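A.B. asks: Here is a sequence together with a model predicted from it:
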Amino acid sequence: MLDQPSPGWLANTRVDRRTFRSGYNGIQHRNLLRPPDPQLPPLGEELDGVTVYTNDHPIPPELPF
């Protein structure tokens, strides 16, 4: 139930469209208990000016010891 805004949140973010033509522009609702999606850079983007992110060499499921 935390993924959906509560009725109180919806009531508090309801604004007068005559005063605020674009509607509510404040903090957006999100479930703080759910981990954020990992943000990977686009393929081919330079990470530190030298290293380019590619998905050519994925990490093997078992690393040798």
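C.D. replies: The structure has been received and is ready for your questions.
A.B. asks: Now do the helices in this structure.
C.D. replies: If you assign secondary structure with DSSP state H, the helices in the chain sit at 7-13.
A.B. asks: Would you mind listing where it has pLDDT under the threshold?
C.D. replies: Where the chain drops to pLDDT under 70, the residues are 40-65.
A.B. asks: 90 - rerun?
C.D. replies: Low-confidence segments of the chain, defined by pLDDT under 90, are located at 1-3, 6, 8-65.
A.B. asks: Run through the strands of it in chain order.
C.D. replies: Counting by DSSP state E, the chain yields no residue ranges for strands.
A.B. asks: and residue 7, how far is that from residue 13?
C.D. replies: Residue 7 sits 11 Å away from residue 13, taking C-beta to C-beta, to the nearest Å as the criterion. To be clear about C-beta, it is placed using only N, CA and C from the backbone, and glycine gets the same treatment.
A.B. asks: List the residues that contact residue 33.
C.D. replies: Residues near residue 33 by C-beta atoms under 8 Å, 6 or more residues apart in numbering: residue 2.
A.B. asks: State the distance from it to residue 4.
C.D. replies: The spacing between residue 33 and residue 4, counted by C-beta to C-beta, is 13 Å.
A.B. asks: thinking again about what came up before, between residue 7 and residue 13, who's got more neighbours?
C.D. replies: For residue 7 versus residue 13, the count of surrounding residues by other C-beta atoms under 10 Å is larger for residue 13: 15 against 8.
A.B. asks: That one reaches residue 24, doesn't it?
C.D. replies: Yes. Under the criterion of C-beta atoms under 8 Å, residue 13 is in contact with residue 24, at a separation of 4.3 Å.
A.B. asks: For residue 5, see how far away residue 13 is.
C.D. replies: According to C-beta to C-beta, residue 13 stands 8 Å off from residue 5.
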